[in-house]
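> Give me the fold of what follows.
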Amino acid sequence: MSFFKKIFSSEKKETLDKGLEKSKTTFFSKLNKAIAGKSKVDDDVLDNLEEILVSSDVGVNTTLKIIERIEARVAKDKYLGTSELNQILREEIAGLLSEVDSGNATDFTIPQNKKPYVIMVVGVNGVGKTTTIGKLASQFKKQGLKVVLGAADTFRAAAIDQLQVWADRVQVPMVRQNMGSDPASVAFDTIKSAVNQDADVVIIDTAGRLHNKVNLMNELTKVKRVMQKVVEDAPHDVLLVLDGSTGQNAFEQAKQFTAATEVTSLAVTKLDGTAKGGVVIGISDQFKIPVKYIGVGEGIDDLQVFNKFEFVDSFFK
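Model prediction:
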């Protein structure tokens, strides 16, 4: 299919292939058992495939959509051999992901008409939020962009310190206040500092508490409102970071945060250490929010821009 043209550099593609290895191996081990002794795609094969997709954390609703698409192919073509199932899955899942207007970028770019471009990062503690911010800052800096970080997760001293470690490592400035300070105040100071420095990108960390959705909503709303006193249309991107290794729990977190604030993009981390890579397919489909970045390794360059066609190609290779 023309979907599957090579876009990444060979090194990035190898990293993606390697990062999805556990997910792919587990999936195909189950699939091969399901079609053993079968020559055509019949009801039994489809029932087994449905079970495999759900157990691979693709999600029930997305799985049903995929099965319906394959059933339509079977009805149309009358006879589909099990040997063709892999290619059919690639095509139908790529088609499904194409319905979300995202995932075709090839590098870390920002709109030219927004300066500074403000990214507010949300997500629960432990999902790789700080690491994602640090890796993003590194990638933007490599593009020749001037980056400023803001430590607005003021409820944990560790969060501020961890972000400082990344700021020092990437060698970008970071605005911080004492633990317990008003997060909105940190966001305000960060954006003001970025404007004064003529920075291109601002990345602001926020607290990752979900125990009270109303408080979270109020806090994020206040942070946004204060940002807009400096940059009228900030934030330009509200990036929700999800831990791909948690499978269905990542769906639940996405539900909670999308209810609390307007999330405009997603980053799914830790895909290299899990067999739950199918969660990217389900989250992208169910929430209709673009998956912008995926984490496929621990290295500083192992945060990749998500390209749906390359992802599907690596998963079903």
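> where do the strands sit along the stretch 1-150 of the chain?
117-122, 147-152 (DSSP state E, counting those that start in this stretch).
> The first one pairs with which strands, parallel or anti?
Okay, so that is strand 117-122. Note on strand 117-122: by DSSP bridges, its sheet partners are strand 201-206 (parallel), strand 237-243 (parallel).
> can you check the last one too?
For strand 147-152, sheet partners with direction are given as strand 174-175 (parallel), strand 201-206 (parallel), following DSSP bridges.
> Just the residues contacting it, thanks.
Outside strand 147-152, the residues that touch it by CB atoms under 8 Å, 6 or more residues apart in numbering are 116, 133, 137, 140-141, 159-160, 163-164, 166-167, 170, 172-177, 183-184, 186-187, 189-191, 193-194, 197, 199-207, 223. Using the backbone N, CA and C atoms, a C-beta is placed for each residue, glycine as well.
> Show me which of those residues are buried.
116, 133, 137, 140-141, 159-160, 163, 166-167, 170, 172, 174-177, 183-184, 186-187, 189-191, 193-194, 199-207, 223 (16 or more other CB atoms under 10 Å).
> Those in helices, which ones?
133, 137, 140-141, 159-160, 163, 166-167, 170, 183-184, 186-187, 189-191, 193-194, 223 (DSSP state H).
> so what's the closest residue to V58 other than its chain neighbours up against?
Closest residue to V58 apart from its sequence neighbours, by CB to CB, 6 or more residues apart in numbering: G278 at 4.1 Å. Taking CB under 8 Å, 6+ apart, we find G278 in contact with 23, 27, 53, 56-58, 315.
> So for this structure, the centremost residue is which one?
Centroid-nearest residue in the chain, with CA atoms, centre = their mean: A267, separated by 2.3 Å.
> Any figure for the gap between that residue and A260?
According to CB to CB, to the nearest Å, A267 stands 17 Å off from A260.
> One more: T63?
Separation of T63 from A260 (CB to CB): 27 Å.
> Please identify the buried residues of stretch 148-158?
Residues of stretch 148-158 classed as buried by neighbour count (16+ other CB under 10 Å): 148-155.
> can you give me the mean pLDDT across that stretch?
For stretch 148-158, the mean per-residue pLDDT is 92.
> Now do the end-to-end distance for that stretch.
End-to-end distance of stretch 148-158 (CA to CA, to the nearest Å): 19 Å.
> With stretch 236-248 instead?
Counting by CA to CA, the terminal residues of stretch 236-248 are separated by 28 Å.
> Repeat that for stretch 75-90.
For stretch 75-90, the first-to-last residue distance is 18 Å (CA to CA).
> cool, stretch 123-136 as well?
Using CA to CA, the end-to-end distance of stretch 123-136 comes to 15 Å.
> Show me how far that stretch is from its chain's centre.
How far stretch 123-136 lies from its chain's middle: 11 Å, per CA atoms, centre = their mean, to the nearest Å.
> And stretch 66-84, by the same measure?
Its chain's C-alpha centre and that of stretch 66-84 lie 30 Å apart, by CA atoms, centre = their mean.
> Give me the contact list for that stretch.
By CB under 8 Å, 6+ apart, the residues outside stretch 66-84 that reach it are 35, 38-41, 45-46, 49-50, 53, 58, 88-89, 92-93, 95-96.
> Report the buried residues of it.
By neighbour count on 16+ other CB under 10 Å, the buried set for stretch 66-84 is 66-67, 69-70, 74, 80, 82.
> now, which of the residues you listed lie within helices?
Using DSSP H, 66-67, 69-70, 74 are the members of these that sit in helices.
> quick check: domain ranges of the chain?
Split into domains by automatic domain parsing, the chain comes to 2-97, 117-307.
> Quick check: which of those domains is buried the most?
Most buried of the domains of the chain, by mean neighbour count (mean count of other CB atoms under 10 Å): domain 117-307, with a mean of 20.
> Need the distance between the two termini of that domain.
With CA to CA applied, domain 117-307 spans 22 Å between its terminal residues.
> What of stretch 280-294?
End-to-end distance for stretch 280-294: 9 Å, by CA to CA.
> And for stretch 268-281?
Stretch 268-281 has an end-to-end distance of 11 Å (CA to CA).
> Verify the stated contact: L97 with V312.
Yes: using CB atoms under 8 Å, L97 is in contact with V312, at 7.0 Å.
> thought S185 was touching Q177?
Yes: judged on CB under 8 Å, S185 makes contact with Q177 at a distance of 6.7 Å.
> Contacts only, for the residue nearest to the centre of the chain.
Applying CB under 8 Å, 6+ apart, we find A267 in contact with 132, 239-242, 291-295, 303.
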